[in-house]
Structure formats: C-alpha cells, structure tokens
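Student: I'll drop the sequence and a predicted model, then ask my questions.
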Amino acid sequence: MEPSRNACLECGKDAGAPARTGRPRRYCSRSCQSRAYRRRRDHGRLAATPRRATPKTGELVDKAIALADAEGISAVTLRAVAGASLADARKVFGSRDKLVATMVQRLLTPPVRGTLKELAEAEWAAYRAHPWLVSVLASTRPPLVPAVLDTARAMIDAFADLGFDPPTALSRYLALSAYVQGMALLLLAEHKETRVGRTYRAWWAAEARRLPPWTGELGGPPEAADLDTWFRDGLDRVLDGLTRPPAAPTPG
C-alpha cells in the first residue's frame, strides 16, 4: 500500500513520512520552516500597527478645531464637541487634554528639513490660521505629540548645521521659539479684540488723547495691526543675532 502523502504547509511538496511518535512533520525543509516563520512574524507586525483614526474621530477633531477657531480654545470641551455622544467622545479621547493634543497633532504638520527662517515662517503660518494654538503651545508643559517634537527637532538640527553644539543649539532654539510665540500672542489678542467688534484703529482713536506729545512723531495710527510685517521685520533681526557664533572667551 502506498504511504499517505504528508504535504509541506509552505510549498505543498511531500514533507516525508510522518514520525512514529510526536507531531507529524509540517515542513519539507528548514528553508520552508524559516519562510513560514518570517511570514507569521511580519503579519504580526502589520497587525500591531496602530490603526488610523476612524472617520468619526476625525469628524470630532475637525469640529473641535472649528469651535476653537470661532470661539477660542476655552470653548472646547468633550461635551461641546460630542453633544449627545459624550460617552463616545470619552471613549475615544479619554479627556479634554487628549482631545486638545490630538488637535495640535492635526495642525502642526511635521516640517521638512529647512532653514531656520522657513521653519519659523511655517510655525507662524499655523498660528496665523489658528490663533488659539499658541495658548496651548506657549507653555513649559505643551502636549508632547509627535508633531511638536518634530518641529523642535527640525529647528535644533538647523542650528546644529550652523556649527553649534547640542546644548547651544537647544538654547538658541528656545530663544527663537520665544520670539515666534511672543508675536503669536499678539495675533491671539488681536483675534479676541476683533471678535468682540473692537478694531485696532478704533482703539488707537480712543487712546490717542491720553498719549504724550512725542508719540505724534511716530506718525498716525495704522489702519490695522500689521502683524505679518512686524513679525518678519523682527524675525530677520532675531535670526541675525541667534545665528552669530558665540564670542571667543576673553583671555584672563
């Protein structure tokens, strides 16, 4: 009688006669056994990859960003965003802080490697589009989502490319970030004033009577707060100073 065929689970060839004791042979060779192991391993890695946000999660984040743009970050709560689906929002985000961190991750696109000016301009553009964002990030404890860390790393690397050692590159990045975020706080303040209907020119007209005479030499009040021009004018000067190599120590 012809012995029954014991097929290899990997290639389908005959794996040989089953052993008299123990489990039957599953593979015809060590090569097939290794290939099967690698495929199972890679499948496990792919299965463990974090899933992308579901459409519902994306909709909640979009709604939260729109609410913050319209009414300020203080208006963003899980209940305000989710409405009757508060339990679902709690299940997705857990807390308001995690919702805000997800909003930051959505808005701060990880930058490509670029010059310091390009990186500063990219951060300014994010604050220009969403003024409330600076109130979340201008902190000693910002949400450390990947996009925030990538932004910091890109700027630190740009300083390192100029020849600064890591500690100096970090301190100069912090100085540059302080300038960008400081100017962005003016954006936030102007956004709040405009939202309540008080224009920049109206404010100047109301305050002009109380100003000392020397302020007249500065020209008349501008039609609007030209924050973009002020930012770029200051940025060039800040970068001139921060990119200058440190002075050599004076011989003692």
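Tutor: It's in. Numbering: from 1, shown residues only.
Student: Now do stretch 103-122, average pLDDT.
Tutor: Mean pLDDT, computed over stretch 103-122, is 84.
Student: what comes up buried for it?
Tutor: Under the neighbour-count criterion of 16 or more other CB atoms under 10 Å, stretch 103-122 has Met103, Val104, Gln105, Arg106, Leu107, Leu108, Pro111, Leu116, Leu119, Ala120, Glu121, Ala122 buried. No exception for glycine: its C-beta is placed from N, CA and C like everyone else's.
Student: same question, stretch 61-73
Tutor: By 16+ other CB under 10 Å, the buried positions in stretch 61-73 come out as Val61, Ala64, Ile65, Leu67, Ala68, Asp69, Gly72, Ile73.
Student: rewinding a little: list just the nearest of the buried residues of stretch 103-122 to Leu185.
Tutor: Nearest to Leu185 among the buried residues of stretch 103-122: Ala120, at 15.2 Å, using CB to CB.
Student: was I right about that closest one contacting Tyr173?
Tutor: No - in this structure, Ala120 is not within contact of Tyr173 by CB atoms under 8 Å, at 10.4 Å.
Student: which residues do the two both contact?
Tutor: Residues touching both Ala120 and Tyr173 (CB atoms under 8 Å, 6 or more residues apart in numbering) are Met155.
Student: Arg141: neighbour count?
Tutor: 5 (other CB atoms under 10 Å).
Student: swap in Asp165?
Tutor: Considering only other CB under 10 Å, Asp165 is surrounded by 10 other residues.
Student: What does it show for phi and psi?
Tutor: phi -70, psi 160 (degrees, to the nearest 10).
Student: Please read off the pLDDT at it from the model.
Tutor: Reported pLDDT for Asp165: 93.
Student: how far away is it from Pro245?
Tutor: Separation of Asp165 from Pro245 (CB to CB, to the nearest Å) stands at 11 Å.
Student: And Val92, by the same measure?
Tutor: Relative to Pro245, and taking CB to CB, Val92 is found at 49 Å.
Student: Show me which of those two is the more surrounded one.
Tutor: Val92 (19 against 9).
Student: burial measure for the residue lying closest to that one once chain neighbours are set aside, as a count.
Tutor: Excluding the flanking residues, the one nearest Val92 by CB to CB, 6 or more residues apart in numbering is Thr57, at 5.3 Å. Thr57 has 15 neighbouring residues, counting by other CB under 10 Å.
Student: Give me the pLDDT for the residue nearest the centre of the chain.
Tutor: Among the residues of the chain, the one closest to the centroid is Ala147, at 2.6 Å (CA atoms, centre = their mean). We note a pLDDT of 91 for Ala147 in this prediction.
Student: so what's it up against?
Tutor: Neighbouring residues of Ala147 by CB under 8 Å, 6+ apart: Val104, Gln105, Leu107, Leu108, Thr109, Pro110.
Student: wait, what's in contact with Leu108?
Tutor: Contacts of Leu108 by CB under 8 Å, 6+ apart are Ala126, Leu133, Val145, Ala147, Val148, Asp150, Thr151.
Student: One more pass at 10 Å, please.
Tutor: Going by CB atoms under 10 Å, 6 or more residues apart in numbering, Leu108 touches 122-123, 126, 130, 133, 137, 143, 145-151.
Student: which one of the residues you listed is nearest Ala205?
Tutor: Checking the contacts of Leu108 against Ala205 with CB to CB, the nearest one is His130 at 29.6 Å.
Student: Before I go, just wanted to say thanks for your time.
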